[in-house]
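Asks: Would you be able to build a 3D model of this:
(chains A and B)
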Amino acid sequence: QKEVEQNSGPLSVPEGAIASLNCTYSDRVSQSFFWYRQYSGKSPELIMSIYSNGDKEDGRFTAQLNKASQYVSLLIRDSQPSDSATYLCAVLREYGNKLVFGAGTILRVKS
Amino acid sequence: GAVVSQHPSWVICKSGTSVKIECRSLDFQATTMFWYRQFPKQSLMLMATSNEGSKATYEQGVEKDKFLINHASLTLSTLTVTSAHPEDSSFYICSAFILPRSTDTQYFGPGTRLTVL
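Replies: Modelled structure (predicted):
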């Protein structure tokens, strides 16, 4: 079992729709979770971090965390073509402060 | 926000040569930096953790004699790919936590694309 699992996609949504990205993790003691966006040929940029169960909203983005189910999600409202990218879920290992990344989900927003 | 720079942004070299990649924290100190590698259409894989003033710790399967890491100051870590081969062609990215550390957020450099001919 991979430490962090994501559906590779691609996930295609029409412009203006809500994109829902999901991630599960295996290390039950993990406390810190991140969503990064990566455009082709570029390094990842942080979208959201979340540490507590529930929802965290920042503009068009909402991260959701359920530690009991070991599940993290990212919702993107009013999706724009510029949101088309690979979205990486990352979990911070408790020991060594190491980030473990999922394989990433490709999101395509069609105008 | 915190800025991490990398140099060069891309490099092409011949097989058998060595290549040095620099990672700098521009407006903060970083006692620990991380080096990742990303092959096409794959995710980031942690290669090693660079510690200022001490030896780097390498992930399982990463050859420490091939990927030399030096973290000589609080703002600079270098990764040297020795005797590079075509299979070392990849996107190398560094990251760091801001000190003093108040969050678990790592900031990533822009990456260095290495092509070995």
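
Asks: where do the strands sit along chain B?
Replies: B:4-7, B:10-13, B:19-25, B:32-38, B:45-51, B:57-58, B:67-73, B:76-81, B:90-97, B:106-108, B:112-116 (DSSP state E).

Asks: Could you pull up the mean pLDDT of the longest one?
Replies: This means strand B:90-97. On average, the pLDDT along strand B:90-97 is 94.

Asks: contacting residues for B:Gln6?
Replies: Neighbour list for B:Gln6: B:Ile21, B:Glu22, B:Cys23, B:Arg24, B:Tyr92, B:Ile93, B:Cys94, B:Gly109, B:Pro110, B:Gly111, B:Thr112 [criterion: CB atoms under 8 Å, 6 or more residues apart in numbering or on different chains]. All C-beta spots, glycine's among them, are computed from the backbone N, C-alpha and C.

Asks: Only whichever of these are buried, select them in PyMOL.
Replies: Restricted to buried positions by 16 or more other CB atoms under 10 Å in any protein chain shown, the PyMOL selection for those reads:
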select buried, chain B and resi 21+22+23+24+92+93+94+109+111+112
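
Asks: ok, which of the contacts of B:Gln6 also contact chain A?
Replies: Applying CB under 8 Å from any CB of the partner chain, the subset of the contacts of B:Gln6 adjacent to chain A comprises B:Ile93, B:Gly109, B:Pro110, B:Gly111.

Asks: OK, contacts around the third one?
Replies: With contacts defined as CB under 8 Å, 6+ apart, B:Pro110 is in contact with A:Lys42, A:Ser43, B:Val4, B:Ser5, B:Gln6, B:Ser9, B:Ile93.

Asks: and chain A, which of its residues are near chain B?
Replies: A:32, A:34, A:36, A:41-46, A:49, A:51, A:88, A:92, A:96-104.

Asks: Quick check: bridge partners of the residue nearest the centre of chain B?
Replies: Centroid-nearest residue in chain B, with CA atoms, centre = their mean: B:Trp35, separated by 3.5 Å. Beta bridges link B:Trp35 to B:Ala48, B:Cys94, judged by DSSP bridges.

Asks: returning to that earlier point: among the ones next to chain A among the contacts of B:Gln6, which one sits closest to A:Gln80?
Replies: Distance to A:Gln80 across the ones next to chain A among the contacts of B:Gln6 (CB to CB) is lowest for B:Pro110, with 23.1 Å.

Asks: Kind regards, and thank you for your time.
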